[in-house]
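>>> this is a predicted model, with the sequence first.
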Amino acid sequence: MLFARDGRPLHSLRVDHSVRRLAWTPLKDISPALLHAVIASEDQRFMTHAGVDWLAAGHAAWNNLRGNRTRGASTLSMQLAGLIDENEQKRGRRSFFGKITQSTAALRLERTWSKGQIIEAYLNLVAFRGELQGVGAMSRALFGKWPHGLDYRESALAAALLRAPNSAPGVVAQRACTLLGELQQADECRGLEAFAALSLNGKLRESKQDAPQIAPHLAHKLLPQAGGNQRSSLDADLQAFATSALRRQLSALHLHHVADGAVLVIDNASGEILAWVGSSGELSAAPEVDGTTALRQAGSTLKPFLYAQAFERRMLTPASLIEDAPLSLDTGNGLYTPQNYEPDYRGWVSARRALAGSLNVPAVKTLLRVGTDAFHARLKAHGFASLKEDGEWYGYSLALGSADVSLLMLANAYRSLANGGRWSPLRTLPGRTVASPPCSQGGCNGVFTGPPRTVNAPATAFLIADILADRNARADTFGLESWLSTPYWSAVKTGTSKDMRDNWCVGFSRRYTVAVWVGNASGSPMHDVSGISGAAPAWREVMDWLQRGDPGKGRAIVDSRPPTAPAGLSQRAIRFVPASEPARSEWFLHGTEMSVIHAASAKALSRIAYPTSGSIIALDPDIPPERQRIPLRLSGAAEHGWHWRINGKPLLKAEAKARWLPQPGRHRLSLHDARGNLLDGVDIEVRAMRGKTP
């Protein structure tokens, strides 16, 4: 049984398929009627003998000598000794030497254990019927109640099973009726045979489970290790609420081909996982797949770590302007042309607005500054152990989340931002209990192990959190009022992977980190679902539940206020020239402050966007030449008088619709201003393909 941090049951899982047993039942939780029935049936002088009933043994021996068939004289203490001794169970207990061994063990047991401890252990270890072992499993399976609620009729049937666990209901009822007479409860014999038939055939079993069955994925990871019962770090109420919130959201999205999801909630300070919802349960075609550990494309959720690295290296500040304009990059295997989620471009935007609004082109340009290998190394430091290849292998798309990560990795990486850039492993057990990681492969790799480490400077982590909490900065993309705009301080980021296969929303308040994934376990794409419409509503529901608390149930209201800026930061009023963004107050790392942010002129930043240097263009002889003209594109708008040259000779005016008819050979394509000054140039090659043989 998996228990919550307060001891409430969360999930029962069968870990031993040879028997069915539940948690150990203390003596105080066992019905007195059952105790009376078992003692009367199995060992009437249990309370007075010292482990061996010599009087019963003498009667048994005399009857055996006379040839009369009688049951053995094994006391409850002797039977318990046999249950504890596995070898004794395998040999059987009917041989003379077996009885001697059993008696010796019973006498020794009685010298160290009380009568209460002996009968408690006996009732928890003895087999009642079939695979039912222990009073808990028997009571729940046969009568649909806990052992403390058993009456005399039920207790007599249970005690009658001890002598012959697999007897027919009629035989069991007859023995139970005899026992009820000895207990002076003969009136309970009326209808006993029918009642025995119902109970022994499982007709009285309650349809609901002994536990709410709301943490299957963590139960499958923890219980086989524990070998029985395990108290986890999960909060029972939160686990139930997060499960319901996810299912509500997925039900609302069923027309968009969305069936699966996962939710994680982490305590920022301790790293304890408070909620682990691995799937949508019956809504899913693959409920056994754990969405918290599955590796999927991260989408835009990796961008905060990229900008943090750029800020830390002082390549950018939150006020730095980055041009959001069409971009084509030569990868050696073709052109990489990133596009924003929305098809339009914003022109010059600050790094704050670019990150908060999740713009793709500025992120790729930031990666060009930082470098793919450096960013890859930083992600590994943040716990993304699933990035098996090097930075060059992922290329420019790493900025947009082309790498496969798990919700566990992502949630803990964001938690490190909440903790001032400090990473530490997660925990699934409460307090300081030392335990093996619940899992270590795939999406669990490196999540539960490793020394605490500083990945980002506190000042840099503060800048990222401040941007992710800025509703004004993300307003162009998400609007001022959205699922991300909480009435308390929180920092949050959404992400959507290629072809809408994965949808993420990860964020943190001062105390908690909440991460949500929605999609399909099969990997099939969703229909028109973004981070703000897919995962964000469930994220907001769970985060609101955490913050508002419930004083009536002992959960205090959580006050999440903006964090205090750490050392190394200063705040300054800034304005933009031209005024592409409103004047505001901005945070800077010491030494990077500025008051006026000038947008660079087109001439200062102009460059050729397409074709890129090193491009190879092949001409097809079967296509008319006029149809093979290639567009000449700039990274921004051209100024008056700008023109293109090919191999130093004037070619075309630099305008949006400029198209060049390529000629075979190696060429130098250059861009010049009105005075003929060189602005940019690229080297390209045009190859003529051979015509098809008729």
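Structure received. Since the structure is predicted, the reported quantities are computational estimates derived from the model, not experimental observations.

>>> from here on, contacts and neighbour counts on C-alpha atoms
Fine.

>>> quick one: list the elements packing against the helix or strand containing Val349.
For Val349, the element it lies in under DSSP states H and E is strand 347-350. Applying 3 or more Cα pairs under 8 Å, 6 or more residues apart in numbering; DSSP states H and E, we find strand 347-350 packed against strand 321-324.

>>> please redo it, this time with the cut-off set to 10 Å
Packing contacts for strand 347-350, counted by 3 or more Cα pairs under 10 Å, 6 or more residues apart in numbering; DSSP states H and E, involve strand 321-324, helix 351-356, helix 360-370.

>>> partners of that strand in the sheet?
Strands that pair with strand 347-350, judged by DSSP bridges, come out as strand 321-324 (antiparallel).

>>> tell me the most buried of the helices and strands packed on strand 347-350?
With neighbours taken as mean count of other Cα atoms under 10 Å, the helices and strands packed on strand 347-350 reach their highest mean count in helix 351-356, at a mean of 26.

>>> below-threshold pLDDT in the protein: ranges please.
Counting by pLDDT under 70, the chain shows low-confidence ranges at 14-18, 56-73, 86-99, 205-211, 225-228, 330-333, 341-343, 601-606, 636, 691-694.

>>> for Val263, give me phi and psi.
With angles defined as degrees, to the nearest 10, Val263 sits at phi -140, psi 140.

>>> from Arg510, how far off is it?
Using Cα to Cα, to the nearest Å, one gets 19 Å for the distance from Val263 to Arg510.

>>> show me which of those two is the more surrounded one.
Neighbours per residue (other Cα atoms under 10 Å) separate Val263 from Arg510, with Val263 holding more: 31 against 22.

>>> can you list the helices and strands packed on strand 347-350 in JSON lines and add distance to Lys649?
Supplementary listing: the helices and strands packed on strand 347-350 in JSON lines, determined by distance: least, Cα to Cα, whole Å:
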{"stretch": "strand 321-324", "distance to Lys649": "30"}
{"stretch": "helix 351-356", "distance to Lys649": "39"}
{"stretch": "helix 360-370", "distance to Lys649": "31"}
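
>>> which of these sits closest to Pro650?
Distances from Pro650 to each of these were compared using Cα to Cα; the shortest belongs to strand 321-324, at 28.2 Å.

>>> before we move on, the earlier item: got the buried residues for the strand holding Val349?
For strand 347-350, a neighbour-count test (16 or more other Cα atoms under 10 Å) marks Trp348, Val349, Ser350 as buried.

>>> likewise for stretch 531-544?
Buried residues in stretch 531-544, counting neighbours by 16+ other Cα under 10 Å, are found at 531-543.

>>> how is the protein divided into domains?
23-200, 240-553, 569-600, 603-688 (automatic domain parsing).

>>> now, which of the buried residues of stretch 531-544 sits nearest Gln441?
Ala535 (25.4 Å).

>>> output the contacting helices and strands for the helix or strand that contains Arg645.
Under the criterion DSSP H and E, the helix or strand holding Arg645 is strand 643-646. Under the contact definition 3+ Cα pairs under 10 Å, 6+ apart, strand 643-646 sits against strand 649-653, strand 665-672, strand 678-688.

>>> who does the second one pair up with?
Each strand paired with strand 665-672, and its direction, by DSSP bridges: strand 643-646 (antiparallel), strand 678-688 (antiparallel).

>>> same deal with the shortest one?
With DSSP bridges as the test, strand 649-653 is paired with strand 643-646 (antiparallel).

>>> ok, and for the strand it pairs with, which residues are buried?
Residues His643, Trp644, Arg645, Ile646 are the ones in strand 643-646 that count as buried (16+ other Cα under 10 Å).

>>> ditto for stretch 658-675
Of the residues in stretch 658-675, those buried under the neighbour-count criterion (16+ other Cα under 10 Å) are Ala658, Arg659, Trp660, Pro662, His667, Leu669, Ser670, Leu671, His672, Asp673.

>>> taking the residues you listed, tell me the two that lie furthest apart.
The largest distance within the buried residues of stretch 658-675, taken as Cα to Cα, falls between Pro662 and Asp673 and amounts to 22.3 Å.

>>> ok, back up a step: how far does the strand holding Arg645 sit from the chain's center?
Strand 643-646 sits 55 Å away from the centroid of its parent chain (Cα atoms, centre = their mean, to the nearest Å).

>>> who touches it?
Counting contacts by Cα atoms under 10 Å, 6 or more residues apart in numbering, the residues outside strand 643-646 that touch it are 632, 650-655, 658, 660, 662, 667-676, 678, 680-683.
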